[in-house]
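**Q** Quick check, what structure comes out for this input:
(2 chains)
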Protein chains: 2
Amino acid sequence: MNAFELYNPTKLVFGADKVGQLGELIEPYGKRVLLVYGGGSIKTTGLYDDVLFQLNKIGAAVFELPGIEPNPRLTTVNKGIAICREEKIEFILAVGGGSVLDAAKAIAAGALYSGDVWDFTIHKAVIQEALPLGTVLTLAATGSEMNGNAVISNWETKQKRALGSKQVYPRFSILDPKLTYSVPPNQTVNGIVDIMSHVFEQYFSLTTDVPLQERFAESILLTVIENGEKALADGRDYDARANLLLSGTYALNGTLPNGVTTDWATHGIEHEVSAIYDIPHGAGLAILFPNWMKYVYKERVGKFVQYAVRVWQVDPTSKSDDEIALEGIEATRAYFTRIGAPATLGELGIGGEHLDRMADEATRFGPIGSFKPLTKEDVLRILEASL
Amino acid sequence: MNAFELYNPTKLVFGADKVGQLGELIEPYGKRVLLVYGGGSIKTTGLYDDVLFQLNKIGAAVFELPGIEPNPRLTTVNKGIAICREEKIEFILAVGGGSVLDAAKAIAAGALYSGDVWDFTIHKAVIQEALPLGTVLTLAATGSEMNGNAVISNWETKQKRALGSKQVYPRFSILDPKLTYSVPPNQTVNGIVDIMSHVFEQYFSLTTDVPLQERFAESILLTVIENGEKALADGRDYDARANLLLSGTYALNGTLPNGVTTDWATHGIEHEVSAIYDIPHGAGLAILFPNWMKYVYKERVGKFVQYAVRVWQVDPTSKSDDEIALEGIEATRAYFTRIGAPATLGELGIGGEHLDRMADEATRFGPIGSFKPLTKEDVLRILEASL
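**A** Alright, predicted model coming up:
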């Protein structure tokens, strides 16, 4: 086990109708609130009204930044930063899925920084302080509700980059499974793939003798696999939605990487695809991950054998390690297909035109990942296999 | 899944030689430090010198409270509180196992309270504030390093009681597996039983459809079972010690009870035994838990079947649920016996004289536990089965 630090001060408030606690949760931070949200589905579901009711109850002055894109854009983040400065915002409330939460984090950090918020993504500056923020999550996927990370896109330069800091951990996150009842099947699917991919990036590691972290990862995968199908069969299955929501949080709240060398190469490759084509993150990951697995599994076939047996109940009897590993990878692909995720870039109308540029960008600082460090050529092979 | 809140701001610093970070971790809180420790084993191992070296490096004024008992006593806690007041202590550093950590928490809360610290254990007062504290853990067992709970004993009245508050979460806890190399086998055994018991209290629940929490619990049990035997075979096996240490923390850091109705009856009964006989907590739990299991399993036999199959790999083929469940319970007892834990109170020289008083005290506020709420008569039956 490697040395590590674990620190996560976000307060998770989990359960039906917990939006009713919003006022008391925000009040300690101030009353000038920037409400950040996405495409307006929160107005259809009534959540917008519920949130405003709670904010009005504490007499908050509410400013709004609607229209956060699925891959949140730097231009939109900058609009939010401008509002924070002009209106002396004291607290940012993000209501939505991962994109909304990520945008809110970037705004929170950018509002107290004199330079360009993009600086944080290119390591030109480090986040020293941020406005306090809280979230009401409406989608099981991101993990952003309980960590200090965010991903934003620069649409002009077609770049998608991450920023991270302890300063942007949400002070609280409200997770009400009922708020995810209205998530349509395709977004539920993308969320499932996103959660599983977050686990993969931390599970497929060369670090040995970390049985607790491995079992925690397998626990999340098994729970998502079961409950993903249940939630797709009945979007209003409270426990299925709750189990997905909690799994999404634990996949990325610092539980899995304790003492483990993680990878994140596939996320890096996917970011380059969706930076150019603006496809849903989960869809890109569903296409890429099984191809990454096939490309790298020989680096530590035993881990893929364990994955196949424990997660997919592959029967190892009289099979070679390679056979067992590949069966587990095929089971992954079959599950993604069964729940309706795409298997090829072609299905999303993406051809081979920009693969070279994607591979180039993905490896701009050198090889990516740790399970098998991938050069530009490696990334290109994985992208080609994904066409 | 029930509604729940999850909040845990303790910073865990995990890895070999992390005591070297002690100075920088304490410095933000002040320089007048109360060092709390136990029976002096930290002097034999050299840890005491290492800690003092780090404290001297930041120019701290160090006051000492040695001699914390295995079941820490109110009188000792009151000594610590007196030092805090007289010496205007700014930070409390606990170096040791669960008893030392628990005593430090009680001191931290009592130092800023005008009444008797015992008030917090009998719900006569609620902890409003506490001195900041940090810990260097030397034993895998307690979980106290990453939660806001403590148990102290009033030796005059023979009462052992708990206190808890967000105010007494350690600001940091340093977990160096090497510091547990010198833990003797019997204490390693007690730690293993303690960790497993903490999991049991949260795992054997009537709450249904919480698959993630159940699998997390099973993950800890499996890891402890494997690594417990490894650590006993070779006390200097770094990974075995690391896996035990991390398991102990996760068993009681708020991961398992999310949305689950927990029990804690067996801990309650054990506290009554060790309040009178001053036996190690882990030894008491090893005796009591399998007897509690046998007494209650029929309340939800399916959970005990799952436990037997997933944790002990009991083959369920052509067995009744009762048979499978009982086989899992027997496997628990067999494991405890294999690692050297006691199976009866008699082995510790405890007879039946005070069973009635223990049962009376354990149920002083009414039936205890939730899996099967236990009346005084129930507790008496379990204690009698443990003789």
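**Q** From here on, just use CA atoms for contacts and neighbour counts.
**A** Will do.
**Q** Give the other helices and strands that the helix or strand containing residue A:334 contacts.
**A** Using DSSP states H and E, residue A:334 falls within helix A:321-339. Under the contact criterion of 3 or more C-alpha pairs under 8 Å, 6 or more residues apart in numbering or on different chains; DSSP states H and E, helix A:321-339 touches helix A:281-296, helix A:301-312.
**Q** Make CSV from the ones you listed and add mean neighbour count and mean pLDDT to it.
**A** CSV is the format used below for those (neighbours: other C-alpha atoms under 10 Å in any protein chain shown; pLDDT from 0 to 100):
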stretch, mean neighbour count, mean pLDDT
helix A:281-296, 24, 97
helix A:301-312, 20, 98
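**Q** what's the closest of those helices to residue B:127?
**A** Residue B:127 lies closest to helix A:301-312 among the helices and strands packed on helix A:321-339, at 44.5 Å (C-alpha to C-alpha).
**Q** That closest one vs chain B: in contact?
**A** No - judged by C-alpha under 8 Å from any C-alpha of the partner chain, helix A:301-312 makes no contact with chain B; its nearest approach is 11.4 Å.
**Q** that's a helix at residue A:50, yeah?
**A** Yes - when classified by DSSP: H, G, I helix; E, B strand; the rest coil, residue A:50 is found to be part of a helix.
**Q** Tally up the residues packed near it, please.
**A** For residue A:50, the tally of surrounding residues (other C-alpha atoms under 10 Å in any protein chain shown) stands at 17.
**Q** Please report the distance of the nearest residue to it once chain neighbours are set aside from residue A:138.
**A** Leaving aside its sequence neighbours, residue A:50 sits nearest to residue A:19 (C-alpha to C-alpha, 6 or more residues apart in numbering or on different chains; 7.4 Å). Taking C-alpha to C-alpha, to the nearest Å as the measure, residue A:19 falls 11 Å from residue A:138.
**Q** residues shared between the contacts of those two?
**A** Counting by C-alpha atoms under 8 Å, 6 or more residues apart in numbering or on different chains, the residues touching both residue A:19 and residue A:138 are residue A:176.
**Q** Mind checking which of the two has more residues around it?
**A** Remark: of residue A:19 and residue A:138, residue A:138 carries more neighbours, 25 against 22, as counted by other C-alpha under 10 Å.
**Q** The more buried one touches residue A:99, doesn't it?
**A** No - contact criterion C-alpha atoms under 8 Å: residue A:138 and residue A:99 do not qualify, at 11.0 Å.
**Q** could you give me the average pLDDT of stretch A:129-146?
**A** Across stretch A:129-146, the average pLDDT comes to 97.
**Q** sorry, that was for stretch A:375-387
**A** pLDDT averaged over stretch A:375-387 gives 98.
**Q** Also stretch A:193-208?
**A** On average, stretch A:193-208 scores 97.
**Q** Keeping just the C-alphas, turn that stretch into CSV.
**A** Only the C-alpha atoms of stretch A:193-208 are listed here, as CSV (Å, rounded to 0.1, in the frame of the first residue of the first chain):
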residue,chain,number,x,y,z
VAL,A,193,-21.1,4.0,-17.3
ASP,A,194,-19.5,7.1,-15.8
ILE,A,195,-19.7,5.6,-12.3
MET,A,196,-18.2,2.3,-13.4
SER,A,197,-15.5,4.1,-15.3
HIS,A,198,-14.5,6.1,-12.3
VAL,A,199,-14.1,2.8,-10.4
PHE,A,200,-12.1,1.2,-13.3
GLU,A,201,-9.6,4.1,-13.3
GLN,A,202,-8.8,3.4,-9.6
TYR,A,203,-9.3,-0.4,-9.6
PHE,A,204,-7.0,-1.4,-12.5
SER,A,205,-3.8,-0.5,-10.8
LEU,A,206,-0.4,-2.1,-10.5
THR,A,207,-0.4,-1.5,-6.7
THR,A,208,-0.6,-4.9,-5.0
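**Q** ok, that stretch near chain B or not?
**A** No - Stretch A:193-208 stays clear of chain B (C-alpha under 8 Å from any C-alpha), getting no nearer than 9.3 Å.
**Q** Okay, buried residues for that stretch please.
**A** Buried residues in stretch A:193-208, counted by 16 or more other C-alpha atoms under 10 Å in any protein chain shown: A:193-206.
**Q** in the stretch 251-387 of chain A, what residue is nearest chain B?
**A** residue A:259 (8.2 Å; C-alpha to the nearest C-alpha).
**Q** circling back: secondary structure of the residue nearest to residue A:50: a strand, I assume?
**A** No - under three-state DSSP, residue A:19 falls outside any strand and is assigned helix.
**Q** check contacts around the residue positioned nearest the centre of chain A.
**A** Computing the C-alpha centroid of chain A and ranking residues by C-alpha atoms, centre = their mean puts residue A:142 first, at 3.0 Å. For residue A:142, the contact set (C-alpha under 8 Å, 6+ apart) comprises A:97-98, A:191, A:194-195, A:248-249, A:252.
**Q** Residue A:101 now?
**A** If you count contacts by C-alpha under 8 Å, 6+ apart, then residue A:101 has A:94-95, A:135, A:144-145, A:150 around it.
**Q** helix, strand or coil for it?
**A** helix.
**Q** mind checking pLDDT for residue A:270?
**A** Residue A:270 is given a pLDDT of 95.
**Q** Nearest spatial neighbour of it, chain-adjacent residues omitted?
**A** Using C-alpha to C-alpha, 6+ apart, the closest residue to residue A:270 is residue A:284 (5.7 Å).
**Q** quick one: low-confidence parts of the stretch 51-200 of chain A?
**A** Residue ranges of the stretch 51-200 of chain A with pLDDT under 70: none are present.
**Q** quick one: the residue of the stretch 251-387 of chain A closest to chain B from residue A:299, how far?
**A** 20 Å.
**Q** Between the two, which has more neighbouring residues?
**A** A side-by-side neighbour count of residue A:259 and residue A:299, using other C-alpha under 10 Å, places residue A:259 first with 20 against 13.
**Q** Can you read off the pLDDT for that one?
**A** 97.
**Q** Roughly how far does it sit from residue A:6?
**A** 10 Å.
**Q** now swap in residue A:286 and tell me
**A** 29 Å.
**Q** would you say residue A:8 is within a strand?
**A** Yes - assessed by three-state DSSP, residue A:8 belongs to a strand.
**Q** residues contacting the nearest residue to it once chain neighbours are set aside?
**A** Leaving aside its chain neighbours, residue A:8 sits nearest to residue B:9 (5.9 Å; criterion: C-alpha to C-alpha, 6+ apart). Residue B:9 makes contact with A:7-10, B:169, B:171 under the criterion C-alpha under 8 Å, 6+ apart.
**Q** Ok, residue A:271 next?
**A** By C-alpha under 8 Å, 6+ apart, the neighbours of residue A:271 are A:160-161, A:281.
**Q** Pick the one among these closest to residue A:129.
**A** Nearest to residue A:129 among the contacts of residue A:271, with distances taken as C-alpha to C-alpha, is residue A:161, at 19.5 Å.
**Q** what number of residues lie near the closest one?
**A** Counted with other C-alpha under 10 Å, residue A:161 comes out at 18.
**Q** Nothing else from me, thank you.
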